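>>> The following comprises the amino acid sequence and a computationally predicted model.
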Amino acid sequence: MASHGLGPLLRAVLDVSLRVPSVYAVDLYLFTYIHLFLFIYLLVFIYLLIFIYLLIFISFYLFIYLLIFIYFYLLTYRFYYFSSTGVLLALCILVLSRPMLFRLYAFIAAAVFCVLSAAFHHYGSFVSSMPFPITSESRWQKPVTAELHSLCHSCASFVLASAALQLCLSIAFCSALRLRGRFVLVLLPACILSPAGLALGLSSEVQSWLALVSSLPAPCILLYRLLNNVRWFEYTAKYTFLVLRHMYQQYGLQVLVEDTWKRIHVPDILRVFWLTRFATQAILLLYVVGETGDVDTTLDPAGTWDVLCNLLISGCDSTITVLGMSAVISSLARYLGLAVLAFIGSQDDEDRRLGFVAPVLFFLLALQTGLSGLAPDERLIRLSRNLCLLLTAVLHFIHSMADPVLMQLGTTHLLPIRRHCPAVGISLGLSIAPLLLIVLLWQRSPFGTWLFAIVAFCIELCLKVVVSLTVYGLFIIDGFYSTLWERLDDYVYYVRSTGSVVEFMFGVVMFGNVVLSPAFSQAKSGWKTFMNRRTAVRKIGLLPELTGKELREIGDVCSICYQEFTISARRTPCNHYFHALCLRKWLYVQDTCPMCHQRVHKPGTESDIGPTNNNLNERFGGEDPEQRVVEQALAREELGFPAAVEGTIANEYGNAVGEQRECAASGSWDGMQTSEKLMLEKERRLEVRETNGNVHGVLNSEGERKEELGMVRTDDEATGHGVLEPAGDATDSEQV
């Protein structure tokens, strides 16, 4: 009876295990870092092979390592370049029926046994041709090779091990293909030929031919059985296709998918896939961290937490891994629900749906948030938030499981008190756990819509627990009365209706959080964009515009679009030129010059920028500020003030200009220009007074003095201010 029960279990385990490699193939196709994880799985597989070979005292692991590496290298790049075909083939293998799947893997296992048997045969002939003499010097100079040669020639252990290994491989080959009769009689003697040649000490040439002869029967038998089973594979494939088509035509796609889902045990396959992947990555990560760092640091709580975070990040990096994690969560939720039901003593089958609700909710949250497509750090944060939301949902579901039991215990007055403790304890725990979760998240996480949702769910759960315990208390109080409590139903109705109203209000708030919050965020973003565009247009209007002759004298191109100025250009306070449209688009993004990154416009001011000097005119009474400074300086000098005052007044104008341009150096330079203008004005007035109206003499004398100084004042078109330049070919009229 035990064997009869163990056989179906083993077949079910094999059915699930043999479908997992197909899921690995699909996951590798969907995963971005395909070569990294191929190397991980290949490395683990090679270590397992080396361990097995060491157990059977075989020392040719380098040859097997190279063979497996070449095989997986070709398989990897063939899969990479023909990925679509590989995925379709993996999906076809995944949905095969159990008999067809077992037979397919039987042929694959037989092929592997053929390769291993041939490798052992040829390795024996290779060892027999090694020319090393066994001396004390060679044993000291080449200890590994000498010991291997001594093991092969001086001891019978290698011959016995080779013969035993060949017999085991032949028996496994016959069992995989279910060979009987003449095939066994041909295969078993052939596998002994090569070990017999080693035992007899034949030459290397003869041993090579014996290895070839011993290796031929197995591939020939495999090819023969494969050709005989082609018709069976064809018939089974047609029959399966007809059954699936009939089911689709009669019951629809949903029933077909559900039947296939149950037939191939998809949750179990995903669960085994995720757990094996998680375990493999954990072993490799611990090994790498242990080799590169301190073991004690790796095993401390901080190091363990980092390793766990990395494993969780890599455990949801693709859609297949998210499905696998959902399957694992399904098992955890299912056993949690069964434990709660057993603890509170419930027998309701409807309460066993936690194993279905939890994984579906987790997968929907992962799809909604794009979990697998996020960066690693963001993925970990989003995963923790999704798990918090899932935890609140699980607590709500546990309350829905405990509430009917609590009401039943409240109305049954003859049960002992120990029957009430589990349900009441679960309810009290459900009232404390949400509060602890709120405090923990509020201390460690910034406020957001997700935190608001969790807080609302937790408060709603606490409210539900309070309502349930209140109604339960009313029922218990009613049990102590010897007479009928007429207002009991009214009180129960009031409590439940109050709870329902508050739950409805929370639902409205959550609806606003889910629906209106994104709409409000979009409206806020749109308003911000509108204000940025409006501000950019206003800032462009404040900048001086260059057209006509000034535009032609620039001789430059726009630094944003690299096109020439044809109609107009705008000049920034830092004397850079741009198209108005280009600069406006730039100001949509940031309020700095594209060339030097200085502020184009000072926040909180509406002043003009550049040489228009509107605010300076207001500051100096609507007059030309430069002219007013000169007039005030001359008037104060006539009243007997020292010459330093004129520098102070000139610097006052320069500092005002510097405030407009946010540049102290600009203020000092403009003040210096004003002082020069003041000096020229004083000289001009002195000449006017001395010549008493002789304008021609004044002009000539002024020209001579300027020529003596070697300077001529001209207007700088770039800055809009007068500057002194070396005298050139300027005429007297131009100087006047």
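That came through, no problem. Please read all numbers here as calculations on a predicted model, not as lab measurements.

>>> Once you drop chain neighbours, what's closest to Arg570?
Spatial nearest neighbour of Arg570, excluding adjacent residues (C-beta to C-beta, 6 or more residues apart in numbering): Leu543 at 4.5 Å. (C-beta placed from N, C-alpha, C; glycine too.)

>>> Give the burial count for that neighbour, as a bare number.
Applying other C-beta atoms under 10 Å, we find 21 residues neighbouring Leu543.

>>> For it, grab phi and psi.
When read as degrees, to the nearest 10, the backbone of Leu543 gives phi -80, psi 150.

>>> cool, and Ala569?
The phi/psi pair for Ala569 (degrees, to the nearest 10) is phi -150, psi 160.

>>> Quick check: the gap between Gln347 and Leu395.
22 Å (C-beta to C-beta, to the nearest Å).

>>> The residue nearest to Arg570 touches Ala569, doesn't it?
No: with contact defined as C-beta atoms under 8 Å, Leu543 does not count as touching Ala569 (9.6 Å).

>>> got the contact list for Arg98?
Arg11, Asp15 (C-beta atoms under 8 Å, 6 or more residues apart in numbering).

>>> Give me the pLDDT for Leu406.
Looking at Leu406, its pLDDT reads 87.

>>> which residues touch stretch 252-271?
Outside of stretch 252-271, the residues within contact range by C-beta under 8 Å, 6+ apart are 12, 15-16, 19-20, 23, 94-95, 97, 244, 247-248, 320, 323-324, 326-328, 330-331.

>>> Buried among those residues? Make that a ChimeraX selection.
Burial among these is assessed by 16 or more other C-beta atoms under 10 Å; the matching ChimeraX selection reads:
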select :15,16,19,20,23,94,97,320,323,324,326,327,328,330,331
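
>>> Now intersect the contacts of stretch 252-271 with the helices, please.
Among those, the residues falling in helices (DSSP state H) are 12, 15-16, 20, 23, 94, 244, 247-248, 320, 323-324, 326-328, 330-331.

>>> what helix or strand is Val213 on?
helix 204-215 (DSSP states H and E).

>>> So for that helix, what gets flagged as buried?
Buried-residue list, helix 204-215, by 16+ other C-beta under 10 Å: Gln207, Ser208, Leu210, Ala211, Ser214, Ser215.

>>> Looking at these, spot the one nearest Gly355.
Nearest to Gly355, judged by C-beta to C-beta, of the buried residues of helix 204-215 is Ser215 at 51.7 Å.

>>> correct me, but the closest one touches Phe120?
No: when contacts are counted by C-beta under 8 Å, Ser215 is not listed as touching Phe120 (9.2 Å).

>>> what's the span of stretch 536-552, first residue to last?
26 Å (C-alpha to C-alpha, to the nearest Å).

>>> ok, now stretch 176-187?
By C-alpha to C-alpha, the extent of stretch 176-187 from end to end equals 14 Å.

>>> and that stretch, average pLDDT?
84.

>>> mind listing what's buried in it?
Ala176, Leu177, Leu179, Phe183, Leu187.

>>> Look up phi and psi at the second one.
Here the main-chain torsion angles of Leu177 (degrees, to the nearest 10) amount to phi -90, psi 0.

>>> give the contact list for it.
Ala106, Phe107, Ala110, Phe183, Ile221, Leu222, Arg225.

>>> Throw the residues you listed into a markdown table and include distance to Gln254 and secondary structure, thanks.
Below are the contacts of Leu177 laid out as a markdown table (distance: C-beta to C-beta, whole Å; DSSP: H, G, I helix; E, B strand; the rest coil):
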| residue | distance to Gln254 | secondary structure |
| --- | --- | --- |
| Ala106 | 34 | helix |
| Phe107 | 35 | helix |
| Ala110 | 39 | helix |
| Phe183 | 47 | helix |
| Ile221 | 46 | helix |
| Leu222 | 42 | helix |
| Arg225 | 40 | helix |
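
>>> Cheers, nothing more for now.
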